[in-house]
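Undergrad: Provided below are the primary sequence and the corresponding predicted coordinates.
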Amino acid sequence: MRIIKKINHLNILKMKPENVNPKNFKVHSVLYNNNSFSIAYGKWEEGENCLAMRWDGDENGDVGYPKTFGYPVWFIIHDDLKMNILQSLLTLSNVDKEKLFNVLQDAL
């Protein structure tokens, strides 16, 4: 629980998805963020680019889910689901369409 106390001490109200960068997943862009759930596109370890998702936490210092040893991480979405999820994001209003189109081009 030290990480939560440290985060509260720093007056961070909520874990922003842009700030979740564990060493094994490099975020290229956050495609979807409704202030409680996020989907990002990035590189997993030394492999291919992929989609990942997470719950962003709350104002009480919870860093969201998933987390490992109190540190926020991303849940990697299986590649078989990538195109379906990207296509469904096209229908949502709070999606950065320019980033999404760039990812769709990269994924094809």
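TA: Sure, I can see it. Numbering: from 1, shown residues only.

Undergrad: any low-confidence regions in the chain?
TA: 1-13 (pLDDT under 70).

Undergrad: let's see 80
TA: 1-15, 59, 108 (pLDDT under 80).

Undergrad: Secondary structure element for residue 101, which one?
TA: Assessed by DSSP states H and E, residue 101 sits inside helix 97-107.

Undergrad: Sort out which residues of that helix are buried, please.
TA: 99, 100, 103, 104 (16 or more other C-beta atoms under 10 Å). Just so you know, the C-beta spots here come from the backbone N, C-alpha and C atoms, and that holds for glycine as well.

Undergrad: And for stretch 57-69?
TA: Under the neighbour-count criterion of 16+ other C-beta under 10 Å, stretch 57-69 has 57, 61, 62, 63, 64, 67 buried.

Undergrad: Which stretches in the protein count as strands?
TA: 25-33, 37-44, 49-55, 67-68, 71-72, 75-76 (DSSP state E).

Undergrad: Would you mind pulling up the elements that the helix holding residue 101 packs against?
TA: With contacts defined as 3 or more C-beta pairs under 8 Å, 6 or more residues apart in numbering; DSSP states H and E, the packing partners of helix 97-107 are strand 25-33, strand 37-44, helix 79-89.
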